[in-house]
Every structure is written in C-alpha cells, then in structure tokens.
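**Q** Provided below for reference: sequence and predicted model.
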Amino acid sequence: MSYANLDRGLLFLMRVFVGWMFLYAGASEILHGESSVGFLTHVKTFHDFFAAFATPTMLPITDVLMKWGHLLIGLSLVSGLMIRVSGPFGILLMVTYHFAHMDWPYITDHHSLFLDYHATYAVLIGYLMLHSAGHAWGLDGLVDRLPLVERNPALKPLFA
C-alpha cells in the first residue's frame with residue numbers, strides 16, 4: 001500500500017468516524033425530541049452567556065439549530081460533501097461545548113486537564129478541512145469535477 005493510499009484511507013476513516021458522531025447525535029436528538037435546555041442549564045462557565053440561549057424565546061431556535069446542525073454536519077462529513085462549509089460550524093460547536101464544561105483547569109472531570117475530546121474533535125475537523133478530506137472517497141471529489149463547478153470558479157472553494 002502506498003503512502004498516498006494510506007493517507008487517503010486515514011482521511012476517509014477520520015472523516016466518517018467524526019461524522020458518525022455528529023450524525024448519530026443529531027438523529028438521536030431529533031427522534032427522541034431532546035431539548036438543549038438540560039445542557040444549557042448545567043454549564044460550568046459563561047453561565048450568563050449560555051442562559052440567554054435557554055430563554056423561552058430563544059430555546060426553540062436553539063433546539064432546531066442544535067439538532068439539525070449536528071445532523072447536517074454529520075451528513076456532510078460522512079458523505080464527504082461540502083466539508084469546507086460544514087467544518088467551521090462543527091469546530092464552533094465543539095469549542096462551545098469545550099468551554100461550557102470547563103471547571104478550570106479541568107474540563108469534564110479531574111481526568112481532563114485543560115483539554116477534552118471536544119477540543120480534539122475541533123482540531124480534527126480543521127485538519128479534515130485543510131486536507132480536503134471530501135476528496136478521499138467522498139462526494140467533494142465527484143462534485144468538484146462536474147461541468148457546472150468547473151465553469152463557475154466561485155463554486156470551487158465549496159468543494160475543494
């Protein structure tokens with residue numbers, strides 16, 4: 001196996017694994033009618049900031065964005081379609097979760113000093129974006145070669 005094939009394989013696996021985490025979370029939240037109010041009322045840091053998203057006016061919007069955001073980010077990563085578009089939203093979500101659970105200097109518990117898995121996922125999504133992971137057996141590679149995209153250079157960055 002060549003280094004290039006191994007690299008593509010690892011990009012593919014990382015993309016699908018992280019995508020599956022988002023996809024399953026979104027599908028589970030939608031199917032079970034879960035609300036983000038539990039998460040928002042149990043944050044450890046920046047409580048006032050997060051409480052604004054749990055107000056009766058904002059909570060329905062927050063719930064839709066959380067549930068469908070997870071699902072769409074997951075679909076994008078698993079399929080390898082428009083990772084450069086969904087990636088920043090995934091990073092933002094992971095950084096938000098990271099800071100919400102922070103109990104300085106620990107994050108989720110005494111085993112997570114300074115960093116936790118949310119920070120790891122955020123960095124991994126950035127890596128996938130920078131290395132065009134959607135071209136590793138994903139739809140970005142196919143869409144990038146479509147005549148519509150080739151004729152319209154403005155569309156190229158979406159699938160690059």
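**A** In hand now; what should we look at? Numbers count the residues shown, from 1 in each chain.

**Q** Go through the helix or strand hosting M14 and flag the buried ones.
**A** Using DSSP states H and E, M14 sits in helix 3-31. Neighbour counts using 16 or more other Cβ atoms under 10 Å place 8, 11-12, 14-16, 18-19, 21-23, 25-26, 29 of helix 3-31 among the buried residues. In short, each C-beta sits where N, CA and C put it, glycine included.

**Q** what's the next secondary structure element after that helix?
**A** Counting by DSSP H and E, what follows helix 3-31 is helix 37-41.

**Q** Could you name the helices and strands sitting against that following helix?
**A** helix 47-51, helix 59-79 (3 or more Cβ pairs under 8 Å, 6 or more residues apart in numbering; DSSP states H and E).

**Q** quick one: average confidence on the longest one?
**A** When you say that, I think you mean helix 59-79. The pLDDT scores in helix 59-79 average 95.

**Q** buried ones in the next helix or strand after it?
**A** Downstream of helix 59-79, the first helix or strand assigned by DSSP H and E is helix 83-100. Across helix 83-100, burial judged by 16+ other Cβ under 10 Å covers 83-84, 86-87, 89-91, 93-94, 96-100.

**Q** same thing with stretch 146-158?
**A** V149, L158.

**Q** Residues in contact with that stretch: which ones?
**A** With contacts defined as Cβ atoms under 8 Å, 6 or more residues apart in numbering, stretch 146-158 is touched by M82, R84, V85, V143, D144, F159.
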